[in-house]
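S.K.: based on what follows, work out the 3D shape:
(chains A and B)
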Amino acid sequence: MSADVLTPVVDDTPAAPPGAGRARLIYGWLWPKALAIVLVLAFWQVIVWSGWRPTYVLPAPAETLQTLGGMLGTERFWSAITTTLTRAVIGFALALVIGTTIGVLVARIRPLRLAVGSLITGLQTMPSIAWFPLAILLFGLDEQAIMFVVVLGAAPSIANGVISGIDHVPPAFTRLGRVLGASPVSLYRDIVLPAAMPGYVAGLTQGWAFAWRSLMAGELLVIIAEKPSLGAQLEFARQFSKAPQLLATMLVILILGMLVDGLFSSYSRRLRRRRGLDVGV
Amino acid sequence: MTTAEAADANTIPILEAVGLTKVFGTGDDRTVALQDVSLDVAPGEFVTVVGASGCGKSTLLNLIAGLDQPSAGTLTVRGNVALMFQDATLLPWLTAAENVELALKLRHVPKAERRARTAELLGIVQLDGWGSHRPHELSGGMRQRVALARCLAQDAQILLMDEPLGALDAMTRDHLHDEIETVVRDQGLAVVFVTHNMREAIRLGDRVVLMGSHPGRILHEELIPLPHPRVMDSPEIATRAADLTRRLKSQGHAHVG
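M.R.: Numbers count the residues shown, from 1 in each chain, chains lettered A, B, ... in the order given. Below is the predicted model:
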């Protein structure tokens, strides 16, 4: 009749051990990534040694990293990164608002869903670079053309994340909401939306990947004078055959994309762990 | 209706169902889930409903809870209704305390009162100190206690229970029998408890209602005048269970455990 009888079942519930546990966690997270980098560098070096292409076209890792180190000291590089990241944040934020709004409306309103549901998936499969000719016609070679394509690239994934998140809310939860007397608003705020979070975060992660890709495509095509960006830096490096600079910039783009993706997936893992859902490696 | 409570002229039933019928679908798909079900429950009475799966027990609870509308018949419910499901249906992103608190929040209980009331309710179901745990960190029995606390938070006078202990091991179930009995008595709740386990029905019920299927209907009602708390393995319960099971079988419904 007392909880004591049941206590042994959960008494040693694992609260994440602090200190040493955290160091282990970071180590466990770090070494596969370090290994991946070592593998890539080794592969790259082997190709350079094979003499497949001259080194002024395909420089060795060491030279590239040296160029990267030099780049980090220039004001132009930081200004480029700032421009690109600002565009990414603004574009993603716009896509977040638009995609979430559309997602909730489509999930809730049946006729809208029949009409727009498949269109959203269609838009998602559309390569974002195919939008650029139209974007340039509409907005000119301007900031807005880039934003337009970034939003079109990311919003469908985010909307789809919302829709699938809401679709996968267990019917038992909505039933519970009705039993507890939830109003339509509180049913959404307190039960449906929190229950849909894992699907939503998956949509955001994919949306970020599309936003980042669209942004890079945009920066290659829409180069604005006196406004250095990572994409523009790639394009100039190609035009002036500065191979080490080109590869160094590519590394920066790759690492930035991975870092943000890492943020999303660590948030997603925390979310799932808190709910007792299985969390893979 | 021959219940002890109904015999008392002062007692108005808290729940009155007359000729309840529920039909799903039309034409060839037409299924009569419930046919002409009449049932009175007095305040504070513990009624258990036994029947094979598919006899419309859950449909009956859905109607009483207002989740569905009857096709025919009348239903009078004089009080708030809380419903407890077979799986606890706790929200996994909330802690045990927050799950209970949600019920208070949806009832518009002022924020200042919620925390104290939640702690009090967790105390009633013997879960002092477990409030900060998440559902997946609790055992099946503890999850059902949280669900029970959440039902109490609804400030209901009628508690509907849809096989709430069906998924638990025998020992945990026995504990919860005692506890549900105590809590329900202390809070003065009327209970409609659905189960497919005849001995559980006799262990808990002031009155046992037997239901048959196709279509779902009431076959028999019996008062259980044994004193509480009862022991599930006692010979009195075994004898009555055998007798009632025989009765159910003679009506052609053998799938009751």
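S.K.: rest of the way, CA atoms for contacts and neighbours
M.R.: Fine.
S.K.: A:Trp52: how many residues sit nearby?
M.R.: The number of residues packed near A:Trp52 is 10, by other C-alpha atoms under 10 Å in any protein chain shown.
S.K.: low-confidence ranges in the stretch 151-257 of chain B?
M.R.: Applying pLDDT under 70 to the stretch 151-257 of chain B picks out residues B:252-257.
S.K.: where exactly do the helices run in the chain?
M.R.: All of this is about chain A. Using DSSP state H, the helices found in chain A span residues A:7-10, A:20-49, A:61-72, A:75-108, A:110-125, A:132-139, A:143-167, A:171-179, A:184-186, A:193-221, A:230-239, A:243-274.
S.K.: my bad, the chain I had in mind was chain B
M.R.: B:4-7, B:57-65, B:96-106, B:111-124, B:140-153, B:170-187, B:198-204, B:235-250.
S.K.: does stretch B:232-250 reach chain A?
M.R.: No: in terms of C-alpha under 8 Å from any C-alpha of the partner chain, no part of stretch B:232-250 sits within range of chain A; the closest distance is 15.3 Å.
S.K.: buried deepest among the helices of chain A, which one?
M.R.: helix A:143-167 (a mean of 26; mean count of other C-alpha atoms under 10 Å in any protein chain shown).
S.K.: that helix: how far from the chain's middle?
M.R.: The chain centre lies 12 Å from the centre of helix A:143-167; the measure is C-alpha atoms, centre = their mean, to the nearest Å.
S.K.: grab the nearest non-local neighbour of A:Gly117.
M.R.: In this structure, A:Gly117 finds its nearest non-sequential neighbour in A:Val106, 7.0 Å apart by C-alpha to C-alpha, 6 or more residues apart in numbering or on different chains.
S.K.: same question for B:Thr76.
M.R.: Computed as C-alpha to C-alpha, 6+ apart, the closest residue to B:Thr76 that is not its neighbour in sequence is B:Glu16, at 5.0 Å.
S.K.: show me the contacts for that neighbour.
M.R.: B:38-41, B:75-77 (C-alpha atoms under 8 Å, 6 or more residues apart in numbering or on different chains).
S.K.: got it, and B:Gln157?
M.R.: B:43, B:79-81, B:188-190.
S.K.: and of those, the nearest to B:Arg150?
M.R.: Within the set of the contacts of B:Gln157, B:Val81 lies nearest B:Arg150; the separation is 12.2 Å, counting by C-alpha to C-alpha.
S.K.: tally of neighbours for that closest one?
M.R.: Counted with other C-alpha under 10 Å, the neighbours of B:Val81 add up to 22.
S.K.: thinking it is in contact with B:Ala65, fair?
M.R.: Yes: with contact defined as C-alpha atoms under 8 Å, B:Val81 reaches B:Ala65; the gap is 6.1 Å.
S.K.: what touches both of these two?
M.R.: Both B:Val81 and B:Ala65 are contacted by B:Leu160, under the criterion C-alpha under 8 Å, 6+ apart.
S.K.: what's the burial count for the residue of the stretch 151-257 of chain B at minimum distance from chain A?
M.R.: In the stretch 151-257 of chain B, the residue found nearest to chain A is B:His175; the distance is 5.6 Å by C-alpha to the nearest C-alpha. Neighbour count for B:His175, taken as other C-alpha under 10 Å: 15.
S.K.: what does B:Asp243 give?
M.R.: The number of residues packed near B:Asp243 is 12, by other C-alpha under 10 Å.
S.K.: ok, it - contacts?
M.R.: B:Asp243 touches nothing, counting by C-alpha under 8 Å, 6+ apart.
S.K.: on that earlier part again, let's have the helices of chain B in CSV, adding distance to A:Val116.
M.R.: Listed next are the helices of chain B as CSV, based on distance: least, C-alpha to C-alpha, whole Å:
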stretch, distance to A:Val116
helix B:4-7, 58
helix B:57-65, 34
helix B:96-106, 33
helix B:111-124, 41
helix B:140-153, 39
helix B:170-187, 49
helix B:198-204, 51
helix B:235-250, 53
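S.K.: mind checking which of these is nearest A:Asn160?
M.R.: Proximity to A:Asn160 (C-alpha to C-alpha) singles out helix B:96-106 among the helices of chain B, at 28.6 Å.
S.K.: phi first, then psi, for the residue of the stretch 151-281 of chain A found nearest chain B.
M.R.: Closest residue of the stretch 151-281 of chain A to chain B, C-alpha to the nearest C-alpha: A:Arg275 (4.9 Å). With angles defined as degrees, to the nearest 10, A:Arg275 sits at phi -90, psi 0.
S.K.: from B:Val77, how far off is it?
M.R.: If you measure A:Arg275 against B:Val77 using C-alpha to C-alpha, to the nearest Å, the figure is 36 Å.
S.K.: which parts of chain B sit against chain A?
M.R.: So far as C-alpha under 8 Å from any C-alpha goes, chain B lies against chain A at B:65, B:67, B:82-83, B:89, B:91-93, B:103, B:106-107, B:126-127, B:134-139, B:142, B:154, B:175-176, B:178-179.
S.K.: which among those end up buried?
M.R.: Buried subset of these (neighbour count, 16 or more other C-alpha atoms under 10 Å in any protein chain shown): B:65, B:82-83, B:89, B:91-93, B:103, B:106-107, B:126-127, B:134-139, B:142, B:154, B:176, B:178-179.
S.K.: where does pLDDT dip in chain A?
M.R.: Along chain A, segments meeting pLDDT under 70 span A:1-20, A:278-281.
S.K.: any idea which residue sits dead centre in it?
M.R.: In chain A, the residue lying closest to the centroid (C-alpha atoms, centre = their mean) is A:Trp208, at 3.0 Å.
S.K.: contact partners for that one?
M.R.: Counting by C-alpha under 8 Å, 6+ apart, A:Trp208 makes contact with A:92, A:154, A:261.
S.K.: and A:Ile98, by the same measure?
M.R.: A:Ala155.
S.K.: now it: how far from A:Val151?
M.R.: 8 Å.
S.K.: please apply the same query to B:Ile64.
M.R.: B:Ile64 sits 49 Å away from A:Val151, taking C-alpha to C-alpha as the criterion.
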